[in-house]
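Trainee: model the structure of this input:
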Amino acid sequence: MHFVTMLSPFGPAIRGVSPYADQLFSALDDISDLDVGKLDYYSLYPTILLPASTGNAAPVENPVVRWNQIGSWKKAADISAPVMHMQYWTSLSAHYLVAIAHYLHRQGKRCVVTVHNPDSHESIPILSFFERRLLRRVDKIIVHSESASDILCARSPSLKERIRVIAHGVAKQQDTGLRPGDHALADLSPDRQYVLIFGNLRGYKGIPTLLKAWQRVIFRIPDADLIIAGRFWDKGHTLPSRIVARILGTKKVAQQIKAMISSGSMDRRVILRDQFVPDDVIDACCRIAAVAVFPYDRFSGQSGAATRAGSWGTPLIVSRTGALPSLAIDDDFIFRPGDSDALAHALERLLSEPAQQAALRQRQLARVACCYWDQIAEQHAAVYRELAAS
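Mentor: Reported below is the predicted structural model:
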């Protein structure tokens, strides 16, 4: 029997925290005295409401939980190990995760939850009610930074004793240099410098701030282009999803970004890939890019995209939000949210010294080395053992 069961999406690329869960599970599985199993979802939430393209669905290993089926919540608790570890990143899942925690406790089992976004990207009051109940119900809470812990404790000081801060893991890449065919794979020129941002292109990501900075940079750095790769939350395939995009404001932000790109000379210096971009192409872009930018306007967690870019040694420029600053080489690579002038200055400084970029990549790798997954998994294992002993 497994000692710990992880409840999370796994495997298929477009499933929220699935890359995080896959890497954590793999690292935990390498710990000799820890037996860990998986539970996945048939459905996380009503995808008819998702205001973004979903790509092609892939088979799911060991699916159990359906967002709207109470029987599946009870089944998840029944087949769980003595400790269940839930991944929680969207308030749409709070109502059934609190129910699963309740069923676990009725059987004398323990429950850990990782809260990836202490402040939800889009606040929905009724779902916040279930989130508060979930955090009161579980035995341990994992967050990715002290600032995230402070957010939760400000709402409920009683949570403090149950919170553990464990950084977002970083993959240890075997070869972080350019590979033959990288430029062809990413359809990019080896004669240009590239600035990269990737991931879901949602409103809080600060892309308008980046584009304002880029309007200045293109006149001072003539050999650089900006790559924006990911999915806009503006084109769901159903009427409900389009209504959700309007309510959340994601459609308006997408229109603003596209208008900024099409103005003046920007369209010749911005490469927009408004689609799901495969992992191998994203990784090639990270190896090619002179810098990756994560200019989030508001954020309380850690960016899986930023940790991915950092794992390849791509120097990161980040806003001072959430846990992002923990990934930056030093303060010169951090700027105040919304400050497009400071961001432009940081980009110009880095892009004007291409000879320094190899050294910067080594510094970036050194910065994230403390967060490699083997170390992060050991910290999780310590939490599980503490629960088992209590």
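
Trainee: pick out the residue nearest the middle of this protein.
Mentor: The C-alpha lying nearest the average C-alpha coordinate of the chain belongs to residue 304 (CA atoms, centre = their mean; 3.2 Å).

Trainee: surely that residue and residue 21 touch.
Mentor: No - using CB atoms under 8 Å, residue 304 is not in contact with residue 21; the gap is 10.5 Å. For every residue, glycine as well, the C-beta is placed using N, CA and C.

Trainee: give me the next element, helix or strand, following the helix or strand bottoming out on mean pLDDT in the chain.
Mentor: Using mean pLDDT, DSSP states H and E, the weakest-scoring helix or strand in the chain turns out to be helix 239-248, at a mean of 47. Next helix or strand after helix 239-248 toward the C-terminus (DSSP states H and E): helix 250-262.

Trainee: show the average pLDDT along that following helix.
Mentor: For helix 250-262, mean pLDDT rounds to 80.

Trainee: ok, residue 290 touching residue 354?
Mentor: Yes - between residue 290 and residue 354 there is a contact under CB under 8 Å: 7.0 Å.

Trainee: which residues are in contact with each of those two?
Mentor: residue 193 (CB atoms under 8 Å, 6 or more residues apart in numbering).

Trainee: quick one: which of those two has more around it?
Mentor: Shown here are residue 290 and residue 354; by other CB atoms under 10 Å, residue 290 has more neighbours (21 against 13).

Trainee: now that one: phi and psi?
Mentor: Per-residue torsions, residue 290: phi -70, psi -30 (degrees, to the nearest 10).

Trainee: quick check: it vs residue 224, distance?
Mentor: Per CB to CB, to the nearest Å, residue 290 is found 7 Å from residue 224.

Trainee: what sits in contact with each of those two?
Mentor: 193-195, 351.

Trainee: which one of those sits closest to residue 92?
Mentor: Among those, residue 195 lies closest to residue 92 (CB to CB), at 32.8 Å.

Trainee: quick check: the closest one touching residue 347?
Mentor: Yes - using CB under 8 Å, residue 195 is in contact with residue 347, at 6.5 Å.

Trainee: just to revisit the earlier point, in ChimeraX, how would I select just the buried ones from the shared contacts of residue 290 and residue 224?
Mentor: To isolate the buried subset of the shared contacts of residue 290 and residue 224 in ChimeraX, counting by 16 or more other CB atoms under 10 Å, use the following:
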select :193,194,195,351
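
Trainee: which parts of the chain are strands?
Mentor: Taking DSSP state E as the test, the strands found in the chain are 4-7, 36-43, 63-66, 83-88, 110-115, 140-143, 163-165, 193-198, 224-230, 270-274, 291-294, 316-319, 334-335.

Trainee: distance to residue 77 added to the ones you listed, as JSON lines?
Mentor: Shown next, in JSON lines, are the strands of the chain (distance: least, CB to CB, whole Å):
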{"stretch": "strand 4-7", "distance to residue 77": "10"}
{"stretch": "strand 36-43", "distance to residue 77": "10"}
{"stretch": "strand 63-66", "distance to residue 77": "10"}
{"stretch": "strand 83-88", "distance to residue 77": "8"}
{"stretch": "strand 110-115", "distance to residue 77": "9"}
{"stretch": "strand 140-143", "distance to residue 77": "17"}
{"stretch": "strand 163-165", "distance to residue 77": "23"}
{"stretch": "strand 193-198", "distance to residue 77": "37"}
{"stretch": "strand 224-230", "distance to residue 77": "36"}
{"stretch": "strand 270-274", "distance to residue 77": "41"}
{"stretch": "strand 291-294", "distance to residue 77": "37"}
{"stretch": "strand 316-319", "distance to residue 77": "39"}
{"stretch": "strand 334-335", "distance to residue 77": "43"}
